[in-house]
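Q: Okay, structure incoming, though there's no sequence with it:
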């Protein structure tokens, strides 16, 4: 059976094409529609397009979007190279399979112009793995959303070492325009930032529950009714800055605790 990958595009002042109509792809389509863009869907598997359109139509009734579902149905495109010069950004959303993603970017590399941004939604693959060797590597970037992006606005922007700063800036501006909250990583790192923070918390949560310190239900309550409520408004560094005992005291306590954990828990 054919492997599924596809896309959608926007065409108001600019054009946008998104590759693969899975959950992230169709969610991106909704976000761009909410930002005032018309959206095209692309996929080589008909069922993926049908499913995506049904999903979008359903959620258009629940969300804040003002565009009608007819916009989506009128803009289906089946060929990746069709009207290629009308697109200024391609957002790849295929499954986390390196060879599949490299194949797609290799195809795009042959047909895009020198001012098109090539972006991936990957959450695990480094830009050097995806883009190295491409003729248009300076135009390549990872734009990793948090699922679902129409509820959680954060987008991590991770450049390849050869990515032009202007590519990062243009992608950042675009994400702001459609209502997202982009953050710029100055260099690539395994897991990016969100997942590194997330799995540090998960790791400690497993340890605390596993050692019988707290029940799973109460552990989740610590986050949902404690740290989570605080961090929904201010991050850990701002929290330290606002600490009652002062920033320096908070840094000292954090350092002492990390030293203790490293010596007695994680060694």
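A: Everything's here; your move. Everything quoted here is computed from the prediction, not taken from an experiment.

Q: mind giving me the domain split of the chain?
A: Residue ranges for the structural domains of the chain, counted by automatic domain parsing, are given in the record as 6-184, 194-264.

Q: State the mean pLDDT of the longest one.
A: The predicted model assigns domain 6-184 a mean pLDDT of 80.

Q: Show me the strands in the stretch 51-200 of the chain, by range?
A: Applying DSSP state E, counting those that start in this stretch to the stretch 51-200 of the chain gives strands spanning 89-92, 117-120, 140-145, 154-159, 181-184.

Q: Wait, a strand at residue 234?
A: No - counting by DSSP: H, G, I helix; E, B strand; the rest coil, residue 234 is not found in a strand; it is coil.

Q: what about the closest residue to it other than its chain neighbours, distance to residue 227?
A: The shortest distance from residue 234 to any non-neighbouring residue, by CB to CB, 6 or more residues apart in numbering, is to residue 242 (7.2 Å). Where C-beta positions appear, they are placed from N, C-alpha and C, glycine not excepted. Shown here: residue 242 relative to residue 227, a distance of 14 Å by CB to CB, to the nearest Å.

Q: what's the answer for residue 115, then?
A: Distance, residue 115 to residue 227, by CB to CB: 43 Å.

Q: Likewise for residue 52?
A: Taking CB to CB as the measure, residue 52 falls 36 Å from residue 227.

Q: do the same with residue 234
A: When CB to CB is applied, the distance between residue 234 and residue 227 equals 11 Å.

Q: ok, back up a step: switch the domains of the chain over to JSON lines; also include mean neighbour count.
A: As requested, those are exported to JSON lines (neighbours: other CB atoms under 10 Å):
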{"stretch": "domain 6-184", "mean neighbour count": "19"}
{"stretch": "domain 194-264", "mean neighbour count": "12"}
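
Q: chain center to the strand or helix carrying residue 240: distance?
A: Under the criterion of DSSP states H and E, residue 240 resides in helix 236-241. Computed by CA atoms, centre = their mean, to the nearest Å, the chain-centroid distance of helix 236-241 equals 25 Å.

Q: Which neighbouring elements make contact with it?
A: Taking 3 or more CB pairs under 8 Å, 6 or more residues apart in numbering; DSSP states H and E as contact, the helices and strands that helix 236-241 lies on are helix 247-264.

Q: Which parts of the stretch 101-250 of the chain are helices?
A: Secondary structure of the stretch 101-250 of the chain by DSSP state H, counting those that start in this stretch: the helices cover 127-131, 165-177, 194-210, 216-222, 228-231, 236-241, 247-264.

Q: and the second one, how far out from the chain's middle?
A: Spelled out, that is helix 165-177. Per CA atoms, centre = their mean, the displacement of helix 165-177 from the mean C-alpha position of its chain is 14 Å.
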